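> Quick one: sequence plus predicted model below, questions after.
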Amino acid sequence: MRTRLACPCGVRLVGEDEDDLVARAQEHLAAEHPGRSYDRELILLLAT
């Protein structure tokens, strides 16, 4: 299960499970990187 993601901007995201990580990553993208949107598959591909 992938639950960690390091954004290139330096923020490290940690989720309780994959669903939580995807939600946190999408929230981060919307707040810090407007105009960028990654789907679940890409977020999990980049996660560890």
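Good, I have the coordinates.

> could you measure residue 22 against residue 48, distance?
From residue 22 over to residue 48 the distance is 14 Å, taken as Cβ to Cβ, to the nearest Å. Quick note: C-beta positions are derived from backbone N, CA and C, even for glycine.

> More neighbours: those two, which one.
Shown here are residue 22 and residue 48; by other Cβ atoms under 10 Å, residue 22 has more neighbours (22 against 7).

> So what's the gap between the strand or helix carrying the more buried one and the chain middle?
Per DSSP states H and E: residue 22 is located in helix 18-32. When C-alpha coordinates are averaged (Cα atoms, centre = their mean, to the nearest Å), helix 18-32 and its chain have centres 5 Å apart.

> tell me, how many neighbours does residue 44 end up with?
By the criterion of other Cβ under 10 Å, residue 44 has 17 neighbours.

> contacting residues around the host helix or strand of it?
Under DSSP H and E, the secondary-structure element containing residue 44 is helix 40-46. With Cβ atoms under 8 Å, 6 or more residues apart in numbering as the test, helix 40-46 has contacts from 2, 5, 18, 21, 22, 25, 26, 38.

> got a list of what the second one touches?
In this structure, residue 5 makes contact with 12, 13, 14, 21, 25, 43, 46, 47, 48, judged by Cβ under 8 Å, 6+ apart.

> So what's the residue count around the fourth one?
Just to be clear, that refers to residue 21. Residue 21 is flanked by 22 other residues according to other Cβ under 10 Å.

> distance of the nearest residue to it once chain neighbours are set aside from residue 46?
Spatially, and ignoring its direct neighbours in sequence, residue 21 is nearest to residue 15 (2.9 Å; Cβ to Cβ, 6 or more residues apart in numbering). Distance of residue 15 to residue 46, computed by Cβ to Cβ: 13 Å.

> if you count what's nearby, which of the two comes out ahead?
residue 15 (19 against 14).

> what's the nearest residue to residue 14 once chain neighbours are set aside sitting at in phi/psi?
Excluding the flanking residues, the one nearest residue 14 by Cβ to Cβ, 6+ apart is residue 4, at 5.4 Å. Main-chain dihedrals, residue 4, degrees, to the nearest 10: phi -130, psi 150.
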